[in-house]
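Participant: Sequence isn't available, so here's the structure alone:
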């Protein structure tokens, strides 16, 4: 199972986590949604999670759920879509609707495609003793017109993205797709990596690469001109073994051609012969997603607090701006790229501190605090961690609150 950066909350037994009456809750003027859930490894039959809705003044309301680890959202013209292990939900101006949808409690992604919302959920190893000799299942749930349909897909699908209205995923070769390919299993070296199309229709192999390295976690990978992108640290010996956490190493843009199945690896450079160098964590915890390819370049916020744009063909990389959130080192954050603004939700590492949503003009200027959220890290619910977050589409389009 993929490791994900997390904040273990001191919790909120009351206040922000007094669940709303779901018969009266509505989206109203919410500008931010945050999902809090126990980790799947700590799950019990009584586990609960919360979707926190935040208004412009920082006031918050909570919707209790049965929980979903690494949960995300789709916030589109229909409203706010989210899921737990029992159901799929849509919250809009008229209220909350839900559709029964039992599934695994660990999400690999929730994405908007055509007239559907697609969620992927890690069921895990279903036979064999390891990924080297077994079948690994990710459940795919399609939500459309208030109805759900679930199918099994092979592989630990941790990179997921949409290209030309089709959903693609990257994973190590397992199960029925392992024939003719090496699959060593996580933690035992790198096996062959596959690019799959997983929706619509049956799952199919688009391409494969021998010994392509670890597959990162990227739940909404960007796509442009039929290429699916993600960033990887350029490990000196091909693996992270023996690489110090403070080492500054290169960064490579992986670009999968979803029409030919070919993989191109493009080193990021700041100038002729000058490779971009970051620590492994500054690459691994960077933020970027669909819609972040602008003017032929992937825009991404590294965990060093610098927003960059990397040409997707040449790898040439330029700095766009520096945020103030990371002056004291890597912290957990979520980022959202709008038309004119970069929004950053800064998640504190100390109990009792506020969550702060700030924004930075892409053409320069002083940062602005959009809202502060108090009480999220107070109380007694130590099992909750902050997972996904989303902001209102109106803010991304026009930089204004609803």
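Facilitator: Sure thing, it's come through. Here the structure is a predicted model, which means the values were calculated and not measured.

Participant: and residue 318, how many neighbours?
Facilitator: Burial measure for residue 318: 11 neighbouring residues, criterion other CB atoms under 10 Å. The C-beta positions use only the backbone N, C-alpha and C, and glycine is treated the same way.

Participant: Might you report the residue contacts of it?
Facilitator: Residue 318 makes contacts with 270, 308, 309, as judged by CB atoms under 8 Å, 6 or more residues apart in numbering.

Participant: Of those residues, keep whichever come out buried.
Facilitator: Neighbour-count burial (16 or more other CB atoms under 10 Å) is assigned, among these, to 270, 308, 309.

Participant: Now the residue lying closest to residue 362 once chain neighbours are set aside, what are its backbone angles?
Facilitator: With CB to CB, 6 or more residues apart in numbering as the measure, residue 340 is the residue that lies nearest to residue 362, at 5.8 Å, once sequence neighbours are left out. Dihedral angles of residue 340 (phi, psi; degrees, to the nearest 10) stand at phi -120, psi -10.

Participant: which one of the contacts of residue 318 sits closest to residue 374?
Facilitator: Within these, the smallest distance to residue 374 is 32.2 Å, found for residue 308 (CB to CB).

Participant: The closest one contacts residue 320, doesn't it?
Facilitator: Yes - with contact taken as CB atoms under 8 Å, residue 308 and residue 320 are classed as touching, separated by 6.3 Å.

Participant: which residues do those two both contact?
Facilitator: Common contacts of residue 308 and residue 320, defined by CB under 8 Å, 6+ apart, comprise residue 299.

Participant: can you give me the offset of stretch 273-285 from its chain's centre?
Facilitator: Centroid separation for stretch 273-285 versus its chain: 19 Å, with CA atoms, centre = their mean, to the nearest Å.

Participant: Now do the end-to-end distance for it.
Facilitator: The first residue of stretch 273-285 is 26 Å away from its last residue (CA to CA, to the nearest Å).

Participant: I'd like the average pLDDT over that stretch.
Facilitator: Confidence over stretch 273-285 (mean pLDDT, whole number) is 89.

Participant: circling back: in terms of pLDDT, where does the residue nearest to residue 362 sit?
Facilitator: In the predicted model, residue 340 carries a pLDDT score of 93.

Participant: right, and it touches residue 361 too?
Facilitator: Yes - contact between residue 340 and residue 361 holds when scored by CB under 8 Å: they sit 6.4 Å apart.

Participant: Tell me how many other residues crowd residue 257.
Facilitator: Applying other CB under 10 Å, we find 17 other residues in the vicinity of residue 257.

Participant: which one of the buried ones among the contacts of residue 318 is nearest residue 286?
Facilitator: Of all those, residue 286 sits closest to residue 308, with 9.1 Å by CB to CB.

Participant: Now tabulate the buried ones among the contacts of residue 318 in TSV and tack on secondary structure.
Facilitator: Supplementary listing: these in TSV, determined by DSSP: H, G, I helix; E, B strand; the rest coil:
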residue	secondary structure
270	strand
308	strand
309	strand
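
Participant: Relative to residue 144, which of those is nearest.
Facilitator: residue 309 (34.7 Å).

Participant: for the closest one, what are its contacts?
Facilitator: By CB under 8 Å, 6+ apart, the contact set of residue 309 is 294, 295, 297, 298, 299, 300, 317, 318, 320.

Participant: Drop anything exposed from those.
Facilitator: Those of the contacts of residue 309 that meet the buried threshold are 297, 298, 299, 300, 317, 320, by 16+ other CB under 10 Å.

Participant: And the fourth one, which helix or strand is it part of?
Facilitator: Okay, so that is residue 300. Taking DSSP states H and E as the definition, one finds residue 300 inside strand 297-301.

Participant: For that strand, which outside residues touch it?
Facilitator: Under the contact criterion CB under 8 Å, 6+ apart, strand 297-301 has outside partners 222, 229, 231, 253, 286-288, 292-293, 307-312, 320, 323, 333, 335, 337, 342, 344.

Participant: how about a cut-off of 6 Å?
Facilitator: 229, 286, 287, 288, 292, 307, 308, 309, 310, 311, 312, 335 (CB atoms under 6 Å, 6 or more residues apart in numbering).

Participant: What is the burial count for the fourth one?
Facilitator: In other words, residue 288. If you count neighbours by other CB under 10 Å, residue 288 ends up with 24.

Participant: What of residue 140?
Facilitator: Applying other CB under 10 Å, we find 24 residues neighbouring residue 140.

Participant: what does the one 4 residues further on give?
Facilitator: A count of neighbours around residue 144, defined by other CB under 10 Å, yields 12.

Participant: Tell me which residues touch it, please.
Facilitator: Residue 144 makes contact with residue 116 under the criterion CB under 6 Å, 6+ apart.
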